[in-house]
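Asker: sequence? don't have it. structure:
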């Protein structure tokens with residue numbers, strides 16, 4: 001269920017959201033309108049997963065040359081690495097940072113094969129997340145980049161499996 005949440009956002013990033021005007025942020029209850037809009041994109045994507053592969057030929061007015069293909073590559077690679085990423089998070093070898101990036105965790109060194117996998121997943125996932133966050137920032141140009149990054153990080157933390165390390169606001173770490 002949680003991975004569908006992330007996939008919905010990706011569809012919103014790739015689909016018709018590019019011609020929409022970014023709404024003004026107003027706090028209504030626990031979440032801002034922007035947070036609700038991003039969450040709604042996730043839900044939409046879970047119902048329309050097939051659109052990720054069928055969008056290749058459609059023009060994208062917000063995407064600089066080559067960005068669209070890089071974004072699709074990032075989405076595919078995140079799906080490919082998803083099992084390893086979730087396993088490493090649940091095992092405590094990786095953690096979700098406040099900035100929306102993965103961080104190395106673990107008190108003891110993993111076996112060499114596991115250490116290699118952890119480094120590869122960490123490097124690739126953070127590159128993919130940078131691409132997705134960049135896309136969000138282009139979709140919502142009037143929003144503060146720090147606010148979008150905080151929403152993006154909150155989504156990643158929500159997606160983390162039980163037992164994953166999450167960074168607290170004070171910089172410390174706790175298990176989910």
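Answerer: Arrived safely. Nothing here was measured: the structure is a model prediction, and the numbers come from that model.

Asker: Please enumerate the strands of this structure.
Answerer: In the chain, the segments counted as strands under DSSP state E are 27-28, 31-32, 94-96, 102-104, 165-167, 173-175.

Asker: Buried residues in the helix of greatest length in the chain, which are they?
Answerer: The longest helix of the chain (DSSP state H) is helix 112-139. Neighbour counts using 16 or more other Cβ atoms under 10 Å place 114, 117-118, 121-122, 124-126, 128-129, 131-136, 139 of helix 112-139 among the buried residues. From N, CA and C alone the C-beta is placed, and that goes for glycine too.

Asker: One more: stretch 156-173?
Answerer: Buried, per 16+ other Cβ under 10 Å, within stretch 156-173: 156, 157, 159, 160, 164, 165, 166, 167.

Asker: tell me which helix or strand of the chain sits lowest on mean pLDDT?
Answerer: The helix or strand of the chain with the lowest confidence, counting by mean pLDDT, DSSP states H and E, is helix 51-54 at a mean of 44.

Asker: mind checking pLDDT for residue 1?
Answerer: Note for residue 1: predicted pLDDT of 51.

Asker: do the one 4 residues further on as well
Answerer: Residue 5 is assigned 51 on the pLDDT scale.

Asker: Leaving out sequence neighbours, find the closest residue to residue 98.
Answerer: Residue nearest to residue 98 in three dimensions, not counting chain neighbours: residue 167, with 4.7 Å by Cβ to Cβ, 6 or more residues apart in numbering.

Asker: In this structure the one you found contacts residue 100, no?
Answerer: No: counting by Cβ atoms under 8 Å, residue 167 sits too far from residue 100 to count as a contact (10.4 Å).

Asker: Just give the nearest non-adjacent residue to residue 132, would you?
Answerer: residue 74 (6.4 Å).

Asker: OK, contacts around the one you found?
Answerer: 127, 128, 131, 132 (Cβ atoms under 8 Å, 6 or more residues apart in numbering).

Asker: OK, contacts around residue 110?
Answerer: Counting by Cβ under 8 Å, 6+ apart, residue 110 touches 93, 118.

Asker: now it: how far from residue 72?
Answerer: Counting by Cβ to Cβ, to the nearest Å, the gap from residue 110 to residue 72 is 31 Å.

Asker: How about residue 148?
Answerer: Taking Cβ to Cβ, one finds residue 148 at 21 Å from residue 72.

Asker: can you check residue 122 too?
Answerer: From residue 122 to residue 72 the distance is 21 Å (Cβ to Cβ).

Asker: residue boundaries of the helices in this protein?
Answerer: Counting by DSSP H, the chain has helices at residues 2-14, 33-47, 51-54, 67-91, 112-139, 145-159.

Asker: All set, thanks.
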